[in-house]
Structures are given as C-alpha cells and as structure tokens.
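Asks: any chance you could fold what I've pasted below:
(2 chains)
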Amino acid sequence: MKENASNQENMERVEHAFRQLAEINPVDAPPFLLTRIKQQIANKEVKVKPVWAVSFATAIALLFMLNLNIVSQKSEQTQEQNFISSMGLYNQNNLYP
Amino acid sequence: MVYNVALGHTGNVEDAEEITQDVFVKVHQKLDTFNEDAQVSTWIYRIVVNTSLDYLKAKKRKKRWAFMSSIFDKETETSMPKEFNHPGAQLESKEALSKIYMALDQLNERQKSVIILAKVEGKSQKEIGEIMEMSPKAVESLLQRAKKNLAEILKQNEGL
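Replies: Below you'll find the predicted structure:
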C-alpha cells in the first residue's frame, strides 16, 4: 500500500516534469549564426581543396612517369632488335642450334 | 529546428550555437551520403541528436579533466558548468526546469534523447524511431525506462 503510494508520487513528479518540458517554446536561432556557419563551411572547403589537389596531382605524375618508363623501355628493345636484324646477326649465344 | 533540438539537449544557448554550427558543417560534408529514400528532416534530426550527444560527452570528459587538474594544480581554472539558460523557457519555470535538466543529465544518452524528442519536440514514437533507428516498440520501452529512472533521480534530488 505504502509502495503504491510512493510509486504514484514518483509518477506524478515525472508527469509534472514532462508538462514543464512541454511548455518550453521553440525559439529562433540568432541571426549571426548563419553568417558563422557560412564562414565555417567556406573555411572547411579551403582546407579540403589542397589535399585533394595534391593527391590528384601526385597520382597523375606517378601515372605519367610510369607510362614514360614503359614507353622508353619498349623503344630501347625495338632499336636493339632492329640493329640485330639489319646486321643479320644471330640473336642467341647457342653455338650449336 | 536544428537549433531547438540542440537547445533541448543542452539547455544552454552557447552550447546550442556550437552544436548548430557543427551540424550544418556535417550536413554539408555528408550531403552525398544522404539516402534519397529517407526524409531529409529525419536525416538532419539524426545528425543533430548524435552531434548533441557527442558534444555533451566531450564536455563531461573536459569537466572531469578540469576537476582532476584542479586537484593537483590550484592555479588551473576549473570550467564551471554553464547554467540553464533556455530562451524558450518561461521565467517562472526556469528554476524548476534547471532542476529537471540536472536530472536529465544523469540519465544515459539515449534515455535523455528520447525524453527531449518526445516531450520538448513533441515527436511521435514512430518519428523518434526513425530518428534513433529503433522500432516504435523499442522507443516505447526506452521511454518507460527513462521515465522510471527520471522519477528516481528527481526523488533523490528532492531530498538534497
């Protein structure tokens, strides 16, 4: 009986708190907040761009160097083969084919 | 909407302003990850709730650290908890609301959020479920647990 009364009292306390919370009115955000948010987003963008730019430029440079390396290796090989075939040389060290 | 939810979680203008700024920066950064099947408002609500909870967690950590350093270093300034200054609260109920917010701070994060969304924002259980990614039934049981715990805390605080 006493416990029930205590529970009832507790629940009434919470319901009263909930009623007070429900009475809180919505408010407008201060007008300077929008300017601050715009500024913060702009700052973030400035910070983000160089990272992307640097990583993109590095990737492109690496790709270019790799391509250059492959092309130069191929051209060296073909020059060598052209020389060998023009001189009629045998392209092996095997003495008894 | 964003400012009011943040204000509902912190009960403090300065903190709500900081949270609002963080939320809009996050929304701007994560816009490409937004799932078009979901409602924009639900998505933004979710970001506000999570950002508010993270902010309050970080603030609690800072307060603990300030307390620890004030023990060892008398010259360290301890950051006093910012008082309840919700501009939407009526003057006559400010003191009572301040006590309620103190009690809400002692609840766990999800329980606090569910009370703020249900009672301050007036959201339905279905809407809260979508925001907090829970079923309406889970929201109902979370709200019941929050209510029970809040009752205990209010009772204890009344005795102080």
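Asks: element containing A:Glu80, please.
Replies: A:Glu80 belongs to helix A:32-87 when assigned by DSSP states H and E.
Asks: could you do B:Ile44 as well?
Replies: Applying DSSP H and E, one finds B:Ile44 within helix B:40-72.
Asks: name the residues of the very next helix or strand once past that helix that are buried.
Replies: Of the helices and strands lying after helix B:40-72 in sequence (DSSP H and E), the nearest is helix B:94-105. For helix B:94-105, burial by neighbour count (16 or more other Cβ atoms under 10 Å in any protein chain shown) applies to B:97, B:99-101, B:103-104. C-betas here are computed from N, CA, C, even on glycine.
Asks: distance to B:Glu121 and pLDDT added to the residues you listed, as JSON lines?
Replies: Compiled in JSON lines, the buried residues of helix B:94-105 are given as follows (distance: Cβ to Cβ, whole Å; pLDDT from 0 to 100):
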{"residue": "B:Leu97", "distance to B:Glu121": "15", "pLDDT": "88"}
{"residue": "B:Lys99", "distance to B:Glu121": "21", "pLDDT": "89"}
{"residue": "B:Ile100", "distance to B:Glu121": "15", "pLDDT": "90"}
{"residue": "B:Tyr101", "distance to B:Glu121": "15", "pLDDT": "89"}
{"residue": "B:Ala103", "distance to B:Glu121": "18", "pLDDT": "90"}
{"residue": "B:Leu104", "distance to B:Glu121": "14", "pLDDT": "89"}
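Asks: now for the helix holding A:Glu80, which elements pack on it?
Replies: Counting contacts by 3 or more Cβ pairs under 8 Å, 6 or more residues apart in numbering or on different chains; DSSP states H and E, helix A:32-87 packs against helix B:13-30.
Asks: ok so, going back, which other helices and strands contact the helix holding B:Ile44?
Replies: Using 3+ Cβ pairs under 8 Å, 6+ apart, helix B:40-72 sits against helix B:2-10, helix B:13-30, helix B:109-115, helix B:125-132.
Asks: please repeat the previous calculation with a cut-off of 6 Å.
Replies: Packing partners of helix B:40-72 (3 or more Cβ pairs under 6 Å, 6 or more residues apart in numbering or on different chains; DSSP states H and E): helix B:2-10, helix B:13-30, helix B:125-132.
Asks: so for it, mean pLDDT?
Replies: Averaged over helix B:40-72, pLDDT sits at 82.
Asks: can you check stretch A:43-61 too?
Replies: Computed over stretch A:43-61, the average pLDDT equals 80.
Asks: same check on stretch A:15-27?
Replies: Across stretch A:15-27, the per-residue pLDDT values average to 89.
Asks: show me which residues of that stretch are buried.
Replies: A:17-18, A:20-21, A:24.
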